[in-house]
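Novice: prediction below, plus the sequence it came from.
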Amino acid sequence: MLSVWGPCTALSPDASGGVAHAGARLLVVDLDLSERLSVEAARAALAPYRHSGSHCIFLLRDMSSRSQIQANALGATDILPAEVSTAVLLDRVGLLLAPPGQSDAAAALGQRFVAASAGLSDLMGAAQAGAGLPMQAIEDSVTALNRAADGGDLNAWLDMVWRHDDATYQHCLLVSGLAAAFAHRLGFREADRRLIVEAAVLHDIGKARIPIDILRKPARLSAEEREVMREHPRIGHDMLVAQGGFAPMVLTAVLSHHEYLDGSGYPHGLNGGDIPDPVRIITICDVYAALIERRSYKPPMPPGDAYAVLVAMGGKLDRDLVRVFGEVVLDAAIVRLGQYGKPILHRAAEDAA
Ligand SMILES: [Fe+2]
Ligand SMILES: [Fe+2]
């Protein structure tokens, strides 16, 4: 969860000191300080950081003054109860790690990003554990995503997504950030925006039940593995139906986000007339996200090239929606490319269109 701020290492208490990231910006210590061995382990592990200026949050099992004094003696710069909620912990970390001199707008967007990530973390944790999906966490994520989209700074959102150290979160935050920006650009009313973004947040929830070695494989999947992976829309749909309480459109989007208008998608090979607009929107965001994502086995595609691929997919995607989607992602792309002095993609995309 903490990897929303970048690479993260978890250490067990018996690990010897100094093996965390050199120059770590933040340490979070989650140990039972009533155990002498834990205290000694913490002292050894934290020694290299005592004068490094790193923030150090201690999560305490009890908030007695004895424990707090002990935490401070070990180098705590901040103390929270161990049972604190994800949102409160991430909020505190966000305050500690916010770049100095950040504008109010950037700080607000950062908070929304953290809130959306916290909701997703609860959602994915529950899905992996086979527990009921937390409706409040889903709603909180949707709200944070829509308020972030109001600001219209997709670039800043993407920058935060790329900092995230976990590919599954990265994909989910990317697709739902794109869907929120897209629905905003389409001028949908709030209720419809919520529905679209909820569908985006949940679209790959079935992947929580795909074996981890397939899901996290750091290479392209084999044909058999791809077959297993292609079960995720059906699995996700069944999870939501079994739980109940989800809007029919959300169920449809989860089941059908890999369908194409020309009937070449899966799981049912539906044709255009059977694929409603909200699903078409999620599909466009999903395909585009997969193209621009960073993966160990493929370089990320520049936004203009990725958009050209969408256009080249022709009758598989909704052309009118793809045109509007270009306004969402290419504005952002041009701003970004302007920084590197290569504002060329507008023309390339127009040629492709
Ligand atoms: Fe999917
Ligand atoms: Fe996806």
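Specialist: Happy to help now that I have it. Numbers count the residues shown, from 1 in each chain. Ligands and ions are numbered 1, 2, ... in the order given.

Novice: for residue 236, give me its contacts.
Specialist: By C-beta atoms under 8 Å, 6 or more residues apart in numbering, the residues touching residue 236 are 202-207, 254-255. Where you see a C-beta, it was placed from the backbone N, CA and C, and this is true even at glycine.

Novice: those residues: which ones sit near ligand 2?
Specialist: Counting by C-beta under 5 Å from the ion, residue 204 from the contacts of residue 236 sit close to ligand 2.

Novice: got the residues of the stretch 201-350 of the chain near ligand 2?
Specialist: Within the stretch 201-350 of the chain, the residues that sit near ligand 2 (C-beta under 5 Å from the ion) are 204, 286.

Novice: poorly predicted segments of the stretch 201-350 of the chain, please.
Specialist: Along the stretch 201-350 of the chain, the model assigns pLDDT under 70 to residues 332-350.

Novice: and of the contacts of residue 236, the nearest to ligand 2?
Specialist: Ranked by distance to ligand 2 (C-beta to the ion), the contacts of residue 236 are led by residue 204 at 4.3 Å.

Novice: quick check, that closest one in contact with residue 232.
Specialist: Yes - Residue 204 lies in contact with residue 232 (C-beta atoms under 8 Å); the separation is 6.2 Å.

Novice: domain parsing of the protein, as residue ranges.
Specialist: 23-87, 175-352 (automatic domain parsing).

Novice: distance from the chain centre to the first one, please.
Specialist: Going by C-alpha atoms, centre = their mean, to the nearest Å, the spacing between the C-alpha centre of domain 23-87 and its chain's C-alpha centre is 28 Å.

Novice: what's the span of it, first residue to last?
Specialist: Taking C-alpha to C-alpha, to the nearest Å, domain 23-87 runs 25 Å from one end to the other.

Novice: over to stretch 158-169?
Specialist: Stretch 158-169 has an end-to-end distance of 13 Å (criterion: C-alpha to C-alpha).

Novice: likewise for stretch 73-88?
Specialist: The straight-line separation of the ends of stretch 73-88 (C-alpha to C-alpha) is 24 Å.

Novice: avg pLDDT for that stretch?
Specialist: Computed over stretch 73-88, the mean pLDDT rounds to 87.

Novice: buried residues in it?
Specialist: Neighbour-count burial for stretch 73-88 flags 74-76, 78-80, 86-87 (criterion: 16 or more other C-beta atoms under 10 Å).

Novice: for the helix or strand residue 181 falls within, name the packing helices and strands.
Specialist: If you go by DSSP states H and E, residue 181 is part of helix 167-185. Under the contact criterion of 3 or more C-beta pairs under 8 Å, 6 or more residues apart in numbering; DSSP states H and E, helix 167-185 touches helix 104-129, helix 135-151, helix 154-163, helix 190-202, helix 277-292, helix 319-339.

Novice: pipe these into JSON lines and attach mean neighbour count per row.
Specialist: Formatted as JSON lines, these follow (neighbours: other C-beta atoms under 10 Å):
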{"stretch": "helix 104-129", "mean neighbour count": "19"}
{"stretch": "helix 135-151", "mean neighbour count": "20"}
{"stretch": "helix 154-163", "mean neighbour count": "19"}
{"stretch": "helix 190-202", "mean neighbour count": "22"}
{"stretch": "helix 277-292", "mean neighbour count": "22"}
{"stretch": "helix 319-339", "mean neighbour count": "17"}
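
Novice: turn those helices into JSON lines, including distance to residue 310.
Specialist: Formatted as JSON lines, those follow (distance: least, C-beta to C-beta, whole Å):
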{"stretch": "helix 104-129", "distance to residue 310": "24"}
{"stretch": "helix 135-151", "distance to residue 310": "20"}
{"stretch": "helix 154-163", "distance to residue 310": "16"}
{"stretch": "helix 190-202", "distance to residue 310": "16"}
{"stretch": "helix 277-292", "distance to residue 310": "6"}
{"stretch": "helix 319-339", "distance to residue 310": "5"}
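
Novice: among these, which comes closest to residue 169?
Specialist: Comparing those by their distance to residue 169 (C-beta to C-beta), the top pick is helix 104-129, with 6.1 Å.

Novice: output the contacting helices and strands for the closest one.
Specialist: helix 86-97, helix 135-151, helix 154-163, helix 167-185, helix 190-202.

Novice: rerun at 6 Å
Specialist: helix 86-97, helix 135-151 (3 or more C-beta pairs under 6 Å, 6 or more residues apart in numbering; DSSP states H and E).

Novice: and it with helix 190-202, angle?
Specialist: Interaxial angle of helix 104-129 relative to helix 190-202 (axes from the mean of the first three to the mean of the last three C-alpha atoms, to 10 degrees): 50 degrees.

Novice: what mean pLDDT does helix 104-129 get?
Specialist: 88.

Novice: thinking again about what came up before, okay, the helices and strands packed on helix 104-129 in CSV with distance to ligand 2 next?
Specialist: Shown next, in CSV, are the helices and strands packed on helix 104-129 (distance: least, C-beta to the ion, whole Å):
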stretch, distance to ligand 2
helix 86-97, 23
helix 135-151, 15
